[in-house]
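Enquirer: with the input below, show me the fold.
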Amino acid sequence: MGWWSLLANTREENSKRSYDSIRTVAQQAEADGFDSIWLPDHLFYRNPGEPTRGIWECWTMLAALAEAAQRVEIGTLVTCNSFRTPAILAKMATTVDEVSHGRLILSVGAGWNEPEYQAFGLPFDHRVARFEEALQILKPLLRQGHVDFAGHYYQARNCEIAPRGPRSEGPPLMVGSEGGPRMLKLTAQYADLWNTGYMGKPETLANRGAKIEIACREIRRDPATLGVTALIGLWYPDLQANKPKFFDNPLTGTVQEIALAMHGYAKLGVQHIMFQVEPYTGEARQRLTGALQLYRGMEQQSERS
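Expert: As a prediction, the model looks like this:
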């Protein structure tokens, strides 16, 4: 079970969310029994007619939380490929994996938020083609520590990652994609883990799950060798009247219903679920923690019977 930790300014007043408060939430999530902490990789959020909403740089915060938390895995949902060259990203990932003593999951995607690309001078064109080249650099650098690649968008000539991190094959590589055929094919070709979002009840995964299985079989990969993970949009209507506009079909319910949904994902073979909670308040976090504890109890009882 993973906790999505917000780096952005608060939604209500657009006020700064301090590192101290982010660290506190991360450490509390670890103490409450969550298995992982995930950070979004963005530079700001900007919608027409609204003020720009700020956000801290993801990898700087990730390195800090690698030291602040002692047990949980850490990762990004997801790193935007074209924010950094793939060789530099591999170097960063190896370093954060060292700081965390081997707790990093490197999760990457092609990116989508055009205003931040324009504002920070980053290329927005051919994002999937760029991503395809990036994976051909990232994968060998993570696994073997060396690559020699020259593509149309990226070059990494006689590139070497030294020193190597705490794991001989580097951190696992996760690809985030929501169902586009090109992205699913790349996931099947290169990824150790697949992530999709924003899910609701377990049955919302069925259509996308079928698509990734087809993509695996098309390249003769056993779908069972690709770990499935899901980001769940969790909304508490009694704490926030308006449904978040970025949640199409969020998970809602009581502590018991949320625990049953966790159990449903486990029965589907999903290895890891992450929660983005709205509203991002102490009460909402306490409810999710209660659901997690109830789910753990259900699993222990099932093992004993």
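
Enquirer: wait, doesn't Thr187 sit right on Asn195?
Expert: No: here Thr187 does not reach Asn195: they are 9.0 Å apart, not a contact under CB atoms under 8 Å. No exception for glycine: its C-beta is placed from N, CA and C like everyone else's.

Enquirer: what's the neighbour count on Glu169?
Expert: By other CB atoms under 10 Å, 13 other residues sit near Glu169.

Enquirer: how near is it to Val72?
Expert: 21 Å (CB to CB, to the nearest Å).

Enquirer: re the thing from before, what sits in contact with each of Thr187 and Asn195?
Expert: Each of 175, 177 lies in contact with both Thr187 and Asn195 under the rule CB atoms under 8 Å, 6 or more residues apart in numbering.

Enquirer: number of nearby residues for the residue nearest to Val108 when sequence neighbours are not counted?
Expert: The shortest distance from Val108 to any non-neighbouring residue, by CB to CB, 6 or more residues apart in numbering, is to Thr79 (4.8 Å). Thr79 has 24 neighbours, counted by other CB under 10 Å.

Enquirer: quick one: pLDDT of Thr79?
Expert: Residue-level confidence at Thr79 comes out at 96, pLDDT.

Enquirer: also Tyr153?
Expert: Per-residue pLDDT puts Tyr153 at 98.

Enquirer: which strand or helix spans it?
Expert: Counting by DSSP states H and E, there is no helix or strand that carries Tyr153.

Enquirer: residues contacting it?
Expert: Counting by CB under 8 Å, 6+ apart, Tyr153 has contacts 126, 129-130, 133-134.

Enquirer: now Arg287
Expert: So Arg287 contacts 236, 255, 258 (CB under 8 Å, 6+ apart).

Enquirer: mind putting the residues you listed in TSV, secondary structure and neighbour count included?
Expert: Below are the contacts of Arg287 laid out as TSV (DSSP: H, G, I helix; E, B strand; the rest coil; neighbours: other CB atoms under 10 Å):
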residue	secondary structure	neighbour count
Tyr236	coil	18
Val255	helix	17
Ile258	helix	23
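
Enquirer: how about the residue nearest the centre of the chain, what does it touch?
Expert: By CA atoms, centre = their mean, the mean C-alpha position of the chain lies nearest to Leu77, the distance being 2.4 Å. By CB under 8 Å, 6+ apart, the contact set of Leu77 is 4, 38-41, 107, 176, 195, 197, 231, 274.

Enquirer: setting aside sequence neighbours, what's the nearest residue to it?
Expert: Trp38 (4.5 Å).

Enquirer: burial check on that neighbour, number of neighbours?
Expert: 26.

Enquirer: mind checking the SS state of Val175?
Expert: The local conformation at Val175, judged by DSSP: H, G, I helix; E, B strand; the rest coil, is strand.

Enquirer: okay, it and Thr252: tell me how far apart.
Expert: 28 Å.

Enquirer: looking at these two, which has the bigger crowd around it?
Expert: Between Val175 and Thr252, counting by other CB under 10 Å, Val175 is the more crowded of the two (27 against 18).

Enquirer: got a list of what that one touches?
Expert: Counting by CB under 8 Å, 6+ apart, Val175 makes contact with 78, 107-109, 135, 183, 186-187, 190-191, 193-195.

Enquirer: do Arg84 as well
Expert: Counted by CB under 8 Å, 6+ apart, Arg84 has contacts Met92.

Enquirer: quick one: which of the contacts of Leu77 sit in strands?
Expert: Those of those mapping onto strands are 4, 38-39, 107, 176, 195, 197, 231, 274, per DSSP state E.

Enquirer: now the residue nearest to the centre of the chain: how far from Leu260?
Expert: Leu77 is 24 Å from Leu260, by CB to CB.

Enquirer: mind checking which of the contacts of Tyr153 are buried?
Expert: Burial by neighbour count, 16 or more other CB atoms under 10 Å: within those this picks out 130, 133-134.

Enquirer: could I get those as CSV with secondary structure?
Expert: Formatted as CSV, the buried ones among the contacts of Tyr153 follow (three-state DSSP):
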residue, secondary structure
Arg130, helix
Glu133, helix
Ala134, helix
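
Enquirer: quickly find the element holding Asp148.
Expert: Going by DSSP H and E, Asp148 is in strand 146-150.

Enquirer: if you count neighbours, what's buried in that strand?
Expert: In strand 146-150, counting by 16+ other CB under 10 Å, buried: 147, 149.
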